[in-house]
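1. Have a look; sequence and predicted model below, questions after that.
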Amino acid sequence: MRSRTVAGERWAVAGVFAVHGAAVGTFASRLPWIADRLRLGPGQLGIALTMAAIGALSGTPLAARFVHRYGGRSATRIAMTAWCAALVLPALSPNLPALAIALAVCGFTSSVADVAMNGQGVDVEVRLGRSIMSGLHGCWSVGSAVGAFAGSLFAGAGIDARVQFAVVAAVLIALGALATTRFSAGTRAPESGRPLFTIPRGRVLLIGLVGFCAVFPEWTANDWSAVYVRRVLQADEARAALATTMFALSMTVGRLLGDFVIRRIGARRTVLASGLAASTGAILVTVAWSVPVALAGFVLLGTGVAVVVPLTFAAGGRAGTSPDAGVAGVATISYSAGLAAPGIVGGVAAVASLRGAFVLVAVFATLVAAGARLLGGPLDTPASGDALVPPPERAGAPE
């Protein structure tokens, strides 16, 4: 009965991941509408999006305190509601300063929800006794794709994004609240002695650096793949866009199948193979002499980095003082790559070339393979179905 309850909670957590991804995909699909409405150039839009990254990095260190205070179930429900509600703010923004503030709020609430749901995922994984984090992140990717596709349908029908975001936000809030009802009650802990900010240290810091080395290639490929194929290989826009599509698809498939691989060969070997695949893909992109070769490189790169971030969250959650604290520490380091990558890649491309920038991507991917041993742990036994030793109970009254 207990295993059936945990299995049900696993699918509830997967639902929350999908809801979070759907909100991201919804926003991304109507970003051109927002930019056109406010008449924003690329530079102005870049400033606004940077505020979203700053908001996210501000929220991540605070998230563990929030989860610690309210417990996983309530914290996830509150954070998901805030994130989905914040989705409507960018569409309502009347000018660039308001949009920048709105995106900072979106980034903040999204990151707190991200830490809360990943912490819950780690907790369920430990109680279930087998790897599930890769699949959870795969559900996020599926939700993002569904949100983006729905956005394209709304856009094609000529529906105002303000109306779309309001409707989608209401639906996602309801779905998120419904999913969290299946979460275990968990416990709340007293705030005394709990730091306001989660500062990653020791093993959590090292695991976060592995995550940084995986997120850097992910963000680079996501932002620059189409530009690379268009400008370096002189392809038309349709084939250039295919590069981003192939990368995203390989990420999604890799995450959905990742848990199967991890259960067969263990987390450490999976990360080692992933890093080598990603570095091979980046090198293939660097030397690509045709579009098909570049596409193959982006597929290898996406497949390689797909499972690494979920595994860093799982390893960080086990290494931290609590799952939420470990996840927050790893996320703080890992997601900072999203803020660093655009400027670093752009700078290298300006000084050298885009090909040179992907040499840097290959270096980061190789460092992922080098850090594989840090991501081993209780789930590193191939084909293990035995229950793990449950984590220590957190002090406090039931939620």
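-> Structure received.
2. mind listing what the closest residue to Arg10 other than its chain neighbours touches?
-> Spatial nearest neighbour of Arg10, excluding adjacent residues (CB to CB, 6 or more residues apart in numbering): Val124 at 5.3 Å. Every residue, glycine included, has its C-beta placed from N, CA and C. Listed by CB atoms under 8 Å, 6 or more residues apart in numbering, the contact partners of Val124 are Val6, Glu9, Arg10, Val13, Ile132.
3. what residue ranges in the stretch 251-399 of the chain score low on pLDDT?
-> Residues of the stretch 251-399 of the chain that meet the criterion pLDDT under 70 lie in 320-325, 338-339, 342-343, 376-399.
4. related to what we said a few turns ago, what helix or strand is the residue nearest to Arg10 located in?
-> Element membership for Val124, per DSSP states H and E: helix 96-128.
5. Same check on Gly138?
-> Take DSSP H and E as the rule and Gly138 turns out to sit in helix 133-156.
6. buried set for that helix?
-> Of the residues in helix 133-156, 133-145, 147-148, 150-151, 154 count as buried by neighbour count, 16 or more other CB atoms under 10 Å.
7. So which elements touch it?
-> helix 2-29, helix 96-128, helix 161-180, helix 237-265, helix 308-319 (3 or more CB pairs under 8 Å, 6 or more residues apart in numbering; DSSP states H and E).
8. Could you verify that Arg182 is part of a strand?
-> No: using DSSP: H, G, I helix; E, B strand; the rest coil, the assignment for Arg182 is coil, not a strand.
9. and stretch 229-242, average pLDDT?
-> Stretch 229-242 comes out with an average pLDDT of 71.
10. Output it as PDB - backbone C-alpha positions only.
-> Provided in PDB are the C-alpha atoms of stretch 229-242 (Å, rounded to 0.1, in the frame of the first residue of the first chain):
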ATOM      1  CA  VAL A 229      23.300  27.000 -38.900                       C
ATOM      2  CA  ARG A 230      22.000  30.200 -40.500                       C
ATOM      3  CA  ARG A 231      25.200  32.200 -40.400                       C
ATOM      4  CA  VAL A 232      28.000  29.700 -40.400                       C
ATOM      5  CA  LEU A 233      26.600  27.200 -42.800                       C
ATOM      6  CA  GLN A 234      24.500  29.700 -44.800                       C
ATOM      7  CA  ALA A 235      21.300  27.700 -44.500                       C
ATOM      8  CA  ASP A 236      17.800  29.100 -45.000                       C
ATOM      9  CA  GLU A 237      15.700  30.000 -42.000                       C
ATOM     10  CA  ALA A 238      13.600  26.800 -42.100                       C
ATOM     11  CA  ARG A 239      16.600  24.600 -41.900                       C
ATOM     12  CA  ALA A 240      18.200  26.900 -39.300                       C
ATOM     13  CA  ALA A 241      15.100  26.600 -37.100                       C
ATOM     14  CA  LEU A 242      15.300  22.800 -37.500                       C
END
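11. Run through who's touching it.
-> Ala226, Val227, Ala243, Ala288, Ser290, Val291, Ala294, Leu295, Ser353, Leu354, Arg355.
12. If we use 7 Å, what do you get?
-> Residues from elsewhere that reach stretch 229-242 (CB atoms under 7 Å, 6 or more residues apart in numbering): Ala226, Ala243, Ala288, Ser290, Val291, Ala294, Leu295, Leu354, Arg355.
13. ditto for stretch 153-173
-> 19, 22-23, 26, 29-30, 33-34, 81, 84-85, 87-88, 91-92.
14. now with 8 Å?
-> Against stretch 153-173 from outside (CB under 8 Å, 6+ apart): 19, 22-23, 26-27, 29-30, 33-34, 37, 80-81, 84-85, 87-88, 90-92, 147, 150-151.
15. Now, of those, which are buried?
-> 19, 22-23, 26-27, 29-30, 33-34, 37, 80-81, 84-85, 87-88, 90-91, 147, 150-151.
16. which residues does Ala79 contact?
-> Counted by CB under 8 Å, 6+ apart, Ala79 has contacts Ala63, Phe66, Thr109, Val112, Ala113, Ala116.
17. what's the average pLDDT for stretch 106-125?
-> What stretch 106-125 shows for mean pLDDT is 87.
18. how distant is it from the center of its chain?
-> Offset of stretch 106-125 from its chain centre (CA atoms, centre = their mean, to the nearest Å): 10 Å.
19. do stretch 240-250 as well
-> 17 Å.
20. quick one: which of the contacts of Val124 is most hemmed in?
-> Within the contacts of Val124, Val13 tops the neighbour count with 28 neighbours, counted by other CB atoms under 10 Å.
21. That one contacts Trp140, doesn't it?
-> No: between Val13 and Trp140 there is no contact under CB atoms under 8 Å: 10.8 Å.
22. shaky segments in the stretch 101-250 of the chain?
-> Applying pLDDT under 70 to the stretch 101-250 of the chain picks out residues 185-202, 223-224, 226-227, 237-238, 241.
23. hmm, try it at 80
-> 122, 126, 128-131, 134, 148-149, 152, 155-156, 183-204, 219-245, 248 (pLDDT under 80).
24. helix, strand or coil for Phe131?
-> You called it Phe, but residue 131 is Ser. At Ser131 the chain is in coil, as set by three-state DSSP.
25. Distance of it relative to Gly258?
-> 8 Å (CB to CB, to the nearest Å).
26. More neighbours: which of these two?
-> Gly258 (27 against 24).
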